[in-house]
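Undergrad: need a structure here:
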Amino acid sequence: MDLSEEIPQQSRLFIRTRTTLFLLSSVVALSSLLGITLAWIVSRWDFPFRKTLSIALILPLTIPSYILAVSYKLLTVDSKNSMAVWLRDCWGQDAMLRFDAIWNFSLATLVLTAAFSPYIYLAAKTAFTNLSPRYLESSKILGLSSSQTFRKVALPLSRPAIVGGVMLVCLETLNEFGAMKILGIDTLTTEIFYAWVNLEDKNAAIRLSGCVMLILLILLIVEHFVRGGKRFHAHRNSPDSTSLNQLSKPKAWITTASFVIVLSMTFVIPISQLVSLAAKALEKESIARFTPLIASSLWLAAKSSIVVLAASVFFSYACRKVPRWWMESLAKVSTLGYAIPGAILGICSIAAIAFLKKNTDSDTLINYLYYGSSYGLMLAYLVRFLAVGLPPVDAGMRQINKNLDEASQILGHGNLSIFCRVHLPLLKFSIGSASVMLFIDILKELPLTLILNPSDHETLATKTYSLFAVEERYTTGAIPALMLVIVGILGLCMIRFLSRKVPLK
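TA: Okay, the predicted model is just below:
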């Protein structure tokens, strides 16, 4: 029996909240340190294989955090057990239990840092690369060193972008369930699942969801004040790019080696572990067994992506045709679903279903939508991932000159004809990039899918989690896990290809 079950509810809530906040602060601190440091080095210094490594550092985004957790758990289990036995023999059972808790928490922090630090790296790299060279040249003329330039010039100017990346890390950490379950870390999100599934206490799950939403509200308020306090201006008549500083040969190769070590720790070693486990599994298992699972997962992700893309195009076109404050506000409010963790969104959806069933006569339709098909799950994906699809589509729509609309109207075309013959062709790259990002995110989503997915409908994510966390069949689970990673890598390659094909404006 789990001893934590005997802890009073208030004490459990306090402990889970404390663990969640401690984990959140640890992951944000380490992710910021790693992501900002790597981004600054890549954007300012030249070293061997710089371009290749700068792109490769994004690859950890293709590995779901719960898969990273399994890889590192298996890699470190022997060392952990040896140290635990030594501590028990020297200092007793209590020392071993404290060590186990510290080890699991540290491993969880490192796993989430490896999984989420690329968000901050991407944001910081883009900001540092787009800095006006005049600011950096002025800092040199004033006698500032590279570290002083970073602290006093580059970091303040890049703060809005970096804060955006940090906010993404916060949202993903609060949303995390699979990795925490596998590593044995009890957070508010895992407690929500425990109250919902084990205790079957809907009210407790809703109260816990309220605690998480309160933390999110505080984070959003802090982000608003941090990002909105100052404005900076970049000189548009500056050269397009800043010349890179040259390093001596030893320092250049040491820098390359450091980047390779980071990439190995966050991507190469976990992937190697997955490949090794999958190779062992294929000696006994047939990959054909997973073919229906692959097909159903890809089909669900494709259908959901189309729904989210259609809504994204609708909102962006509506804001173009009705440029009013209330329409802009409606579009912004529609993207707030991404700030809600998947577990909370799933529970809110089920609560809404129960309310509708109680107060309407459409039981058959509701049961079909949410229990007999995947349509209810697709609607939940729409709420959660509209924030992923809308920004690139809206950015592409804003780049289309409104003179094209006026010229088309003069030629006698209606709004539908203009949209189909003018806007859609010009939006193909934006829609393509958004569709790839949506496809990957939906395919990897775990908490929301676990709660709302029909019992007879599994996805790659839920099957991988079931094999890893519930059945502990790591070799068999490596097969769908590796498929998820491969799809993510192909998606990143597609985004890279589409970004290079975007015509210059």
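Undergrad: Tell me which residue is most central in this protein.
TA: Compute the mean C-alpha point of the chain, and by CA atoms, centre = their mean the closest residue is E172, 5.5 Å away.
Undergrad: nearest residue to it other than its sequence neighbours?
TA: F116 (5.1 Å; CB to CB, 6 or more residues apart in numbering). Glycine gets a C-beta too; all of them are placed from N, C-alpha and C.
Undergrad: so what's that neighbour up against?
TA: Contact partners of F116, counting by CB atoms under 8 Å, 6 or more residues apart in numbering, are V27, S31, S65, L168, V169, E172, T173.
Undergrad: Most widely separated two among those residues?
TA: Distances among the contacts of F116 were taken as CB to CB; the most separated pair is S65 and L168, at 13.3 Å.
Undergrad: For my notes, confirm the residue nearest to E172 occurs in a strand.
TA: No. With DSSP: H, G, I helix; E, B strand; the rest coil as the criterion, F116 is located in helix rather than a strand.
Undergrad: Now do the strands in the stretch 1-150 of the chain.
TA: Using DSSP state E, counting those that start in this stretch, the strands of the stretch 1-150 of the chain run over 45-46.
Undergrad: shaky segments in it?
TA: 1-10 (pLDDT under 70).
Undergrad: Could you pull out the helices in it for me?
TA: 9-44, 50-56, 65-91, 93-129, 133-141, 146-149 (DSSP state H, counting those that start in this stretch).
Undergrad: Return the most buried member of those helices.
TA: Between these, helix 93-129 has the highest mean count of neighbours, a mean of 20, where neighbours are mean count of other CB atoms under 10 Å.
Undergrad: sorry, back to before: which of the helices of the stretch 1-150 of the chain sits closest to L411?
TA: Between these, helix 93-129 lies closest to L411; by CB to CB that is 39.0 Å.
Undergrad: between that closest one and helix 65-91, how many degrees?
TA: 140 degrees (axes from the mean of the first three to the mean of the last three CA atoms, to 10 degrees).
Undergrad: So what angle separates the directions of helix 93-129 and helix 9-44?
TA: Using the same axes, to 10 degrees: helix 93-129 against helix 9-44 is 40 degrees.
Undergrad: where along this protein do the strands fall?
TA: Under the criterion DSSP state E, the chain contains strands at 45-46, 245-246.
Undergrad: Pull up the pairing partners for the last one, direction included.
TA: Strands adjacent to strand 245-246 in the sheet, as given by DSSP bridges, are strand 45-46 (parallel).
Undergrad: that older thread, export the contacts of F116 to TSV and tack on distance to T190?
TA: Listed next are the contacts of F116 as TSV, based on distance: CB to CB, whole Å:
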residue	distance to T190
V27	15
S31	21
S65	13
L168	21
V169	19
E172	15
T173	13
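Undergrad: my guess is S430 meets I400, correct?
TA: No. Using CB atoms under 8 Å, S430 is not in contact with I400, being 9.9 Å away.
Undergrad: What does T459 show for phi and psi?
TA: Here is the backbone geometry of T459 (degrees, to the nearest 10): phi -120, psi 170.
Undergrad: Please verify my assumption that it contacts N453.
TA: Yes. Contact criterion CB under 8 Å: T459 and N453 qualify, at 6.8 Å.
Undergrad: Identify the contacts common to these two.
TA: With the criterion set as CB under 8 Å, 6+ apart, the contacts of T459 and N453 do not overlap.
Undergrad: Can you pick out the residue with more neighbours from those two?
TA: Neighbour count, other CB atoms under 10 Å: between T459 and N453, T459 has more, with 27 against 19.
Undergrad: Could you pull up the residues touching that one?
TA: Residues near T459 by CB under 8 Å, 6+ apart: L293, S296, S297, L300, L443, T449, N453.
Undergrad: Which members of the residues you listed occur in helices, if any?
TA: L293, S296, S297, L300, L443, T449 (DSSP state H).
Undergrad: Need the buried ones from those selected in PyMOL.
TA: Entered in PyMOL, the line below selects the buried ones among the ones in helices among the contacts of T459, by 16 or more other CB atoms under 10 Å:
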select buried, resi 293+297+300+443+449
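Undergrad: Which two of the ones in helices among the contacts of T459 have the greatest separation?
TA: L293 and T449 (13.0 Å).
Undergrad: For L57, grab phi and psi.
TA: Per degrees, to the nearest 10, the backbone of L57 is at phi -70, psi -10.
Undergrad: can you check S158 too?
TA: phi -90, psi 0.
Undergrad: Let me see the contact set for the nearest residue to it once chain neighbours are set aside.
TA: Counting by CB to CB, 6+ apart, the nearest residue to S158 once its immediate chain neighbours are dropped is A127, at 3.5 Å. Listed by CB under 8 Å, 6+ apart, the contact partners of A127 are A39, L157, S158, P160, A161, I162.
Undergrad: about what we covered before: let me have the ones in helices among the contacts of T459 in a markdown table, adding distance to R421 and pLDDT as columns.
TA: Formatted as a markdown table, these follow (distance: CB to CB, whole Å; pLDDT from 0 to 100):
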| residue | distance to R421 | pLDDT |
| --- | --- | --- |
| L293 | 40 | 83 |
| S296 | 36 | 84 |
| S297 | 35 | 86 |
| L300 | 32 | 87 |
| L443 | 33 | 86 |
| T449 | 38 | 84 |
